[in-house]
Every structure is written in C-alpha cells, then in structure tokens.
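> output the structure for:
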Amino acid sequence: MRTLGELEAAVMACLWQSQTPVSVRDVMDRLNADRDLAYTTVLTVLDNLHRKQMVTRELNGRAYQYVAAKSQGEYSAELIAAAAAQSDDKMGALMHFVERLSPQEVRELRAALDAQQPRKAAPATTERRASP
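A predicted model of the protein is given here:
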C-alpha cells in the first residue's frame, strides 16, 4: 500500500474532519488557510484519491461532493499491516511498534484486544433427573 503524499494527506485530513460531504471549493477554502492552492490542483488531488479508492463522490448539481471512503483509523491500520507484512518476523515488527507506545496507549490497546477476545461460554450444566 502506498502512503499518501503531503497534499493528499492534507486533503484527506479535511475529509476526515468533515461530518458531511464536501466540495472541491470547501476543501480548497480549508487548505488555503495555510497555503495558496488553485482549484484545479485540489480537483486533481481529489480525482487521484477517487481513483485510488480513498474517497467516494456523488454528483450534486454540477459539482461532485466528496467523502472519505475509509476512516483515518482504517487507513492507519492498513499502513501498519502493510509495514508488518514486509517483515519476515511480523510479530517482532508489531512488538517493536508496541514498545514505542506510551503506557496509556498500551493500556488502551490491551483493553481493545481484551474486548475482541471471544467470550468463553459458561460451562453447560447438565441436570440429572432422579430415577423413579
């Protein structure tokens, strides 16, 4: 999986922060608080992200409205999985990643993992009927 370029990441950050679909103009206005981008530049980046299946779009009048196709967490998880998959020692790579987490992040990870564990079923009780 390829990582996002700097401008692609900035555009995706706008989409991830938005609660509603956004237009090219919306993204451009948000990004131009920090830089000066042309409408066509933002349009090209959104088209590229659409081709990469990072965003979905729907025609609204004469302009498209864009939405992130996956959450930031899902994208980050794909990056971590891709990086670990490149190692001959996937578990070792993941453990080195975990070692870089703060104690709070480790607690949160442990709680999330515990929540994913299948609940062990209570042992079945068998009732014996008394013989008549």
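
> isn't residue 37 right next to residue 28, touching?
Yes - taking C-beta atoms under 8 Å as the definition, residue 37 is a contact partner of residue 28 at 6.0 Å. (C-beta placed from N, C-alpha, C; glycine too.)

> comparing those two, which residue is more hemmed in?
Comparing residue 37 with residue 28 by neighbour count (other C-beta atoms under 10 Å), the higher total belongs to residue 28, at 22 against 17.

> any idea of the pLDDT on the more buried one?
On the pLDDT scale, residue 28 is placed at 96.

> so what's it up against?
37, 39, 42 (C-beta atoms under 8 Å, 6 or more residues apart in numbering).

> tell me which residues touch the residue lying closest to it once chain neighbours are set aside, please.
By the measure of C-beta to C-beta, 6 or more residues apart in numbering, the closest residue to residue 28 outside its immediate chain neighbours is residue 42, 4.5 Å from it. The neighbourhood of residue 42, defined by C-beta under 8 Å, 6+ apart, consists of 11, 24, 27-28, 31.

> please report how far residue 42 lies from residue 29.
10 Å (C-beta to C-beta, to the nearest Å).

> now do residue 43
13 Å.

> which one of those two has more residues nearby?
For residue 43 and residue 29, the more surrounded residue by other C-beta under 10 Å is residue 43, and the numbers stand at 17 against 14.

> thank you, goodbye.
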